[in-house]
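> One predicted model, sequence on top.
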Amino acid sequence: MFKPREKYEDLKNLIALAVIIILIGGIVFAFLYRNIRMAIVTYEIERLKKERKAAYIETEELRLQVARHSSAERMEKLFQEKYGFLPVEVSQKISTYILPPFDTKRDEDLEPNQTGK
């Protein structure tokens with residue numbers, strides 16, 4: 001009537017159940033680990049975006065300060081304060097001109113047909 005049990009049938013069932021539980025536990029662990037890592041990476045991305053924005057704002061403020069401190073009017077004012085120079089008027093400004101280069105050959109060095117002879 002009853003089939004005789006195999007000697008290791010209970011052990012096989014127990015091992016199969018343990019393998020199934022380990023697989024399900026591993027899948028749940030992998031899923032949770034992935035979600036936790038995603039949350040950490042997302043947090044880092046947002047933090048770095050805020051740092052980048054702050055660095056950009058600081059860079060633009062520094063550029064503005066450089067432009068403000070290197071203006072011609074400010075330089076003139078500093079020279080007046082530090083060295084006691086008087087304000088420069090338009091008629092006192094020095095103009096420089098770059099002359100075109102000229103040929104330094106003498107008339108004797110030129111060929112006869114170039115001197116008009």
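Received, thanks.
> Where does pLDDT dip in this structure?
Residues of the chain that meet the criterion pLDDT under 70 lie in 1-5, 7, 86-96, 102-117.
> Point to the residue nearest the middle of it.
Arg52 (8.7 Å; Cα atoms, centre = their mean).
> Check the spacing between that one and Leu11 real quick.
From Arg52 over to Leu11 the distance is 60 Å, taken as Cβ to Cβ, to the nearest Å. For the C-beta atoms, the positions are set from N, CA and C on the backbone; glycine is no exception.
> can you give me the strands in the chain?
Counting by DSSP state E, the chain has no strands at all.
> now the longest helix that the chain contains: how far from the chain's centre is it?
When the chain is parsed with DSSP state H, its longest helix is helix 9-69. Helix 9-69 sits 23 Å away from the centroid of its parent chain (Cα atoms, centre = their mean, to the nearest Å).
> Output the contacting helices and strands for that helix.
Using 3 or more Cβ pairs under 8 Å, 6 or more residues apart in numbering; DSSP states H and E as the contact test, no helix or strand touches helix 9-69.
> How many residues are close by Leu64?
For Leu64, the number of neighbouring residues by other Cβ atoms under 10 Å comes to 10.
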